[in-house]
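Chemist: Sequence first, predicted coordinates after that:
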Amino acid sequence: MSRSNFIGPRPAPGRPLSAKRAVGFTLVELLVALAIFAIVSGFAYRSLNAMLESREALQKESRKWRDVALFVGRVERDLDSVLPRLALSSSGTPLAPVSSTLDVLTTGDGLALTRAGSPLQENTLAAPQRVGYRLKDGAVERLIWSSVDAAPRQDPVATPVLPNATALAFRFLDPKSGEWRKSWGLPGSGEANAPAAVEMTLTLASGESIVRLMDIPSTAPSP
């Protein structure tokens, strides 16, 4: 075969045929790329974690104030429905429509009241009720007696309505003197009138204090 008939690749002008093009990364380049990726991933993880923690804290804070609003609203509805009727304790002692003493076997202070039933209900909630509020074991409880006049040695049903509380106090506005009193309607006092208003001070475990002033409708007491 003659040289002139040979067909094959021809080397580029000015470049040896044996030269090969380098392809890929060196080990050092790979290590540098991995280090940069790790740093960027670390920053991204910290940002994402901070965002998730902020969202969780915001949700927790929202739940806390939602629970406080529901609790305050419940107390307001109870005081707005005070029934001017004397109740009887488990020992037969007359109880004022609004009292700072709870009629429980384990005595304690808080708020107790007789409220009218709901005409929209068809169960026991339609009848007048004796309810109360107290602080126990870091939570506010709502007490419900089975009837306005308690049976002998009967304790109410306690339902936690607000967790994470450290203090719950009430003051009562005397409609005659216009002075605030820390106690009202003590058993056996014969006090049949309700106060003009009730001031509630609630202290949360997180340190906030909420003060709420609630008026009581003026009604004449009934026996």
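Modeler: Here it is on my side, so go on. Residues are numbered from 1 along each chain as shown.

Chemist: thinking residue 144 is in contact with residue 161, fair?
Modeler: No - Residue 144 is beyond contact range of residue 161, at 10.9 Å (criterion: C-beta atoms under 8 Å). For every residue, glycine as well, the C-beta is placed using N, CA and C.

Chemist: What residues sit buried inside stretch 72-88?
Modeler: 72, 75, 78, 79, 81, 82, 83, 84, 85, 86, 87, 88 (16 or more other C-beta atoms under 10 Å).

Chemist: So which of those are in strands?
Modeler: Residues from those lying in strands, with DSSP state E as the criterion: 87, 88.

Chemist: Dump the buried residues of stretch 72-88 into JSON lines; add pLDDT and distance to residue 116 as well.
Modeler: Listed next are these as JSON lines, based on pLDDT from 0 to 100; distance: C-beta to C-beta, whole Å:
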{"residue": "72", "pLDDT": "95", "distance to residue 116": "20"}
{"residue": "75", "pLDDT": "96", "distance to residue 116": "15"}
{"residue": "78", "pLDDT": "94", "distance to residue 116": "10"}
{"residue": "79", "pLDDT": "95", "distance to residue 116": "12"}
{"residue": "81", "pLDDT": "92", "distance to residue 116": "5"}
{"residue": "82", "pLDDT": "93", "distance to residue 116": "8"}
{"residue": "83", "pLDDT": "91", "distance to residue 116": "5"}
{"residue": "84", "pLDDT": "89", "distance to residue 116": "10"}
{"residue": "85", "pLDDT": "87", "distance to residue 116": "9"}
{"residue": "86", "pLDDT": "88", "distance to residue 116": "14"}
{"residue": "87", "pLDDT": "87", "distance to residue 116": "13"}
{"residue": "88", "pLDDT": "85", "distance to residue 116": "17"}
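
Chemist: how many neighbours does the nearest residue to residue 185 once chain neighbours are set aside have?
Modeler: If the residues on either side of it in the chain are set aside, residue 185 comes closest to residue 96, at 2.8 Å by C-beta to C-beta, 6 or more residues apart in numbering. For residue 96, the count of nearby residues is 26 (other C-beta atoms under 10 Å).

Chemist: ditto for residue 136
Modeler: So residue 136, with other C-beta under 10 Å, has 15 neighbours.

Chemist: Verify the contact between it and residue 158 for me.
Modeler: Yes - with contacts counted by C-beta under 8 Å, residue 136 reaches residue 158, the gap being 7.4 Å.

Chemist: Just the helices from the chain, written as ranges.
Modeler: Applying DSSP state H to the chain gives helices spanning 27-80.

Chemist: Low-confidence regions, it specifically.
Modeler: Residue ranges of the chain with pLDDT under 70: 1-24, 104-108, 118-126, 190, 219-223.

Chemist: quick one: contacts for residue 212?
Modeler: Applying C-beta atoms under 8 Å, 6 or more residues apart in numbering to residue 212 gives the contacts 72, 75, 76, 199, 200, 202.

Chemist: Understood, closing this out.
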